[in-house]
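[1] predicted model, plus sequence, below.
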Amino acid sequence: MELDDKWIIEGIKSGDESAYKSLFLKYYAQLVVFARKVVVDDDLARELVQDVFVTFYEKRNEINIHTSLKAHMYQSVRNRSLNQIKHNKIRRDHHANIFAEKKEDEAFVEDKLQETELEERIYTVVKTLPDQCRKIFEMSRFEGTPNQEIADQLGLSKRTVETQISKALKVLRKQLTHYLNIILWILILIKG
């Protein structure tokens with residue numbers, strides 16, 4: 001477990017509000033993105049993540065984490081999201097199809113978790129790019145800005161923009177190949 005996470009856990013156990021704030025700042029946004037992919041509703045995703053944080057704080061004296069703080073928070077949001085999905089199905093379909101669809105729901109959540117982890121890795125790699133390259137790549141891929149418009153806004157040639165995007169993609173491919181190969185082997189082993 002990371003030193004920072006140990007400090008957060010110990011601080012929360014002792015009632016230190018700054019530790020709770022650090023936990024919130026460190027994980028809230030990425031947990032909302034993860035929950036949104038599971039429940040497909042922005043407001044509900046925020047509500048579920050907030051519930052997890054409130055429960056975590058209310059049960060701070062009972063905290064006993066065996067993995068990492070991050071894994072614990074993701075698992076809590078995953079469980080809360082699955083419970084919400086189950087609750088919605090109960091209301092909508094009554095009890096008939098709940099157990100048959102549980103496996104599909106879990107597989108769906110696992111897929112979304114892997115997708116979220118991949119996105120997080122992509123953002124981490126993008127942060128390491130040189131400033132101009134990063135800015136161009138973010139404008140192109142995250143904001144959907146056309147290359148000519150990027151060139152105009154930054155006072156560059158369209159060719160320079162294309163070259164920078166190409167460099168960024170090359171770095172991403174190189175940095176993410178190992179991760180994607182691991183995911184591929186896991187999928188082959190699971191389905192094989």
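    Alright, I've got the coordinates.
[2] any idea how far residue 11 is from residue 51?
    Remark: distance between residue 11 and residue 51 (Cβ to Cβ, to the nearest Å) = 21 Å. All C-beta spots, glycine's among them, are computed from the backbone N, C-alpha and C.
[3] the two: who's more crowded?
    residue 11 (18 against 14; other Cβ atoms under 10 Å).
[4] surely the more buried one and residue 5 touch.
    No: at 10.5 Å, residue 11 and residue 5 do not qualify as touching, with contact defined as Cβ atoms under 8 Å.
[5] which residues of the chain score low on pLDDT?
    The model of the chain has pLDDT under 70 over residues 1-3, 89-111, 178-192.
[6] gap between the residue in it sticking out farthest from the centre and residue 147?
    Centroid-distance maximum for the chain: residue 157 at 34.6 Å, with Cα atoms, centre = their mean. Between residue 157 and residue 147 the computed distance is 10 Å (Cβ to Cβ).
[7] burial count for residue 139?
    For residue 139, using other Cβ under 10 Å, the count is 19.
[8] which residue is the nearest non-sequential neighbour of it?
    Spatial nearest neighbour of residue 139, chain neighbours left out: residue 145 (4.3 Å); criterion: Cβ to Cβ, 6 or more residues apart in numbering.
[9] does that neighbour touch residue 137 like I think?
    No: Residue 145 lies out of contact with residue 137 (Cβ under 8 Å); the separation is 10.6 Å.
[10] the more surrounded of the two?
    Taking neighbours as other Cβ under 10 Å, residue 145 and residue 137 compare with residue 137 leading, 22 against 17.
[11] just the element for that one, please.
    helix 131-137 (DSSP states H and E).
[12] pull the CA atoms of stretch 11-22 into CSV?
    Presented in CSV, the C-alpha positions along stretch 11-22 are these (Å, rounded to 0.1, in the frame of the first residue of the first chain):
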residue,chain,number,x,y,z
GLY,A,11,-5.9,10.1,9.3
ILE,A,12,-9.5,9.2,8.6
LYS,A,13,-9.5,6.6,11.5
SER,A,14,-8.3,9.4,13.8
GLY,A,15,-10.9,11.8,12.5
ASP,A,16,-8.5,14.1,10.5
GLU,A,17,-10.6,16.0,8.0
SER,A,18,-7.6,16.8,5.8
ALA,A,19,-7.1,13.1,5.3
TYR,A,20,-10.7,12.7,4.3
LYS,A,21,-10.3,15.6,1.9
SER,A,22,-7.2,14.1,0.4
